[in-house]
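Student: For reference, the sequence and a predicted model appear below.
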Amino acid sequence: MLTDATHDPVLRSWVESANAPGCLTPIQNLPYARFRTAHSDEPWRIGVAIGDQILDLAAAAHHAPWGEGLDELLEPLAQGDLAAFMALGRPVWRTVRAALSAALAEGSVQGPFLELCLVPLAQAEFTLPCPIGDYTDFYVGIHHARSVGSLLRPDNPLLPNYKWVPIGYHGRASSVIVEGDGIRRPMGQIKSELEVPLFGPTRRLDHELELGLWIGAANALGHPVGIEAAEDVLFGITPLNDWSARDIQTWEYQPLGPFLAKSFATSVSPWIVTFEALAPFRRPLLRPAGDPAPLPYLDCAFNREHGALDIELEVWLQTARMREAGTAPVRLSHSSALDAYWTPAQLVAHHTSNGCNLRIGDLLGTGTISGPGPDQGGSLFELTRGGRDPITLPGGERRSFLEDGDSVVLQAWCDAPGAVRIGLGAVSGTVLAAA
Ligand code: MN
């Protein structure tokens, strides 16, 4: 049994908006973010989303009675230091989740005190939830790998290593940003018809629909995290947009892989949904018949039975012209994290299998998660078949790749019978003209 009292679907909060049908931040979710009142010079602090409010943990830790031992556990959160809270480990993450759930539940002792510690979501601005030491991006979307491969290598779409080794590359942590920030169209070197490549703004700017995994525990250099222990390293999850410049990418990526085509920006939602909150949405890892079993270091009973995540994902687009005309964003694609070929635990076990040390606050991107259908591509590269088949938008505009003024929003949520739907937040970005 992975679930506990905090997942009980009948649980309701004294924050009335959290009980509204379809609310993505019900009391069963309790995601963390680092926030302050917008346009203020207040200190950043950690909050928990509940309905249309944020419980300010700096205020809440000191203004409500928490009971034996909890004050100490809440202190890193009160200090605005999510990484220090992560360092306390999974048993504490669980204890604090249970305490927050009880405090936010209808009729709680803390309710009257905590009412004074709420900040409306709509009045907040956000920053990264914690410093990111390293960022690694994987390639778990087998439909993405196959369809990109078929555009680049029609006779050999899926490379022979794919079903054996979780493919990844080391990305750039310094350019990971939260939603709302503008995405400056990058300059770069692009192959041209001439003998000399040109240097200029990318003409093939793309999004990638991914999930980001926040690492909440460190392993020492030289000490791999076994697959059985890998779950204890996983703190939370967020939607992630791995912005990509396809023309720069195709020219630079051989033989060492992605570089400047990816490192100009990676966006994440400011909200971290914890792995505790995901408990009702864990699923068996299913592989097509005939596929090889994972090597033993990537395989254990828990991962086979619960390793996969039932998360729905969507990409929405609104162009500048649509915005001006009052036209709503259009859904470009949808997919499911159940289509991921490798689980988060397998990514951790593989990443550390050579002795590489992960640190608290490291971020792992899953890679683009696409479904098998034509409207399930997690990038424009797939949806437009490498730019050959542009998409027609409401109002008649066409897109092969992103243009200046385009806004992309990635959304993710979990829904399952017997559980309350929870949101994983949204990550948005608007393309700015090259400088
Ligand atoms: Mn990617």
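Tutor: Yep, it's here. Numbers count the residues shown, from 1 in each chain.
Student: how far away is the closest residue to D310 other than its chain neighbours from T3?
Tutor: Once its chain neighbours are removed from consideration, D310 has its nearest residue in F281; the separation is 4.4 Å (C-beta to C-beta, 6 or more residues apart in numbering). Bear in mind the C-beta positions are built from the backbone N, C-alpha and C, glycine included. Distance, F281 to T3, by C-beta to C-beta, to the nearest Å: 10 Å.
Student: Same check on R185?
Tutor: Using C-beta to C-beta, one obtains 45 Å as the distance from R185 to T3.
Student: between the two, who's got more neighbours?
Tutor: A count of neighbours by other C-beta atoms under 10 Å puts R185 above the other of R185 and T3, at 21 against 16.
Student: Find the nearest non-adjacent residue to the more buried one, please.
Tutor: Of all residues beyond its chain neighbours, the one nearest R185 is A434 (4.2 Å), with distances taken as C-beta to C-beta, 6+ apart.
Student: Check the contact between that neighbour and G182; I expect there is one.
Tutor: No. Taking contact to mean C-beta atoms under 8 Å, the distance of 11.9 Å between A434 and G182 leaves them out of contact.
Student: which residues in the stretch 1-150 of the chain form helices?
Tutor: Taking DSSP state H, counting those that start in this stretch as the criterion, the stretch 1-150 of the chain contains helices spanning 57-63, 70-78, 82-86, 90-104, 111-114, 142-152.
Student: Need the winner for burial among those helices.
Tutor: helix 82-86 (a mean of 22; mean count of other C-beta atoms under 10 Å).
Student: Can you dump the C-alpha atoms of that one in PDB for me?
Tutor: Presented in PDB, the C-alpha positions along helix 82-86 are these (Å, rounded to 0.1, in the frame of the first residue of the first chain):
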ATOM      1  CA  LEU A  82      14.000  23.800   0.400                       C
ATOM      2  CA  ALA A  83      17.400  22.000  -0.100                       C
ATOM      3  CA  ALA A  84      18.000  21.900   3.600                       C
ATOM      4  CA  PHE A  85      14.600  20.400   4.000                       C
ATOM      5  CA  MET A  86      15.300  17.800   1.400                       C
END
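Student: Run through who's touching it.
Tutor: Here helix 82-86 makes contact (C-beta atoms under 8 Å, 6 or more residues apart in numbering) with 32, 34, 46, 76-77, 92-93, 96, 129-131, 214, 216-217, 235, 272, 360-361.
Student: The ion contacts on the stretch 1-150 of the chain?
Tutor: Proximity of the stretch 1-150 of the chain to the ion is confined to D137 under the rule C-beta under 5 Å from the ion.
Student: of all of the stretch 1-150 of the chain, which residue lies closest to the ion?
Tutor: D137 (4.6 Å; C-beta to the ion).
Student: Who does that residue form a beta bridge with?
Tutor: According to DSSP bridges, the residues that bridge with D137 are Y169, G365.
Student: OK, contacts around it?
Tutor: Counting by C-beta under 8 Å, 6+ apart, D137 makes contact with G168, Y169, G171, E210, D242, P258, K262, T266, L364, G365, G367.
Student: can you check A217 too?
Tutor: Applying C-beta under 8 Å, 6+ apart, we find A217 in contact with M86, A87, G89, R90, D232, V233, F235, L358, I360.
Student: Need the three-state assignment for it.
Tutor: When the structure is split into helix, strand and coil by DSSP: H, G, I helix; E, B strand; the rest coil, A217 lands in coil.
Student: how much space is there between it and the ion?
Tutor: 24 Å (C-beta to the ion, to the nearest Å).
Student: Please apply the same query to A412.
Tutor: Taking C-beta to the ion as the criterion, A412 is separated from the ion by 15 Å.
Student: doesn't L73 make contact with T95?
Tutor: Yes. The pair T95 and L73 passes the contact test of C-beta under 8 Å, sitting 6.3 Å apart.
Student: where are the low-confidence patches of the stretch 1-150 of the chain?
Tutor: In the prediction, the stretch 1-150 of the chain carries no residues with pLDDT under 70.
Student: Quick check: which element contains the closest residue to Q28 other than its chain neighbours?
Tutor: Closest residue in space to Q28, ignoring its immediate chain neighbours: V420 at 4.5 Å, by C-beta to C-beta, 6+ apart. Assigned by DSSP states H and E, V420 belongs to no helix or strand.
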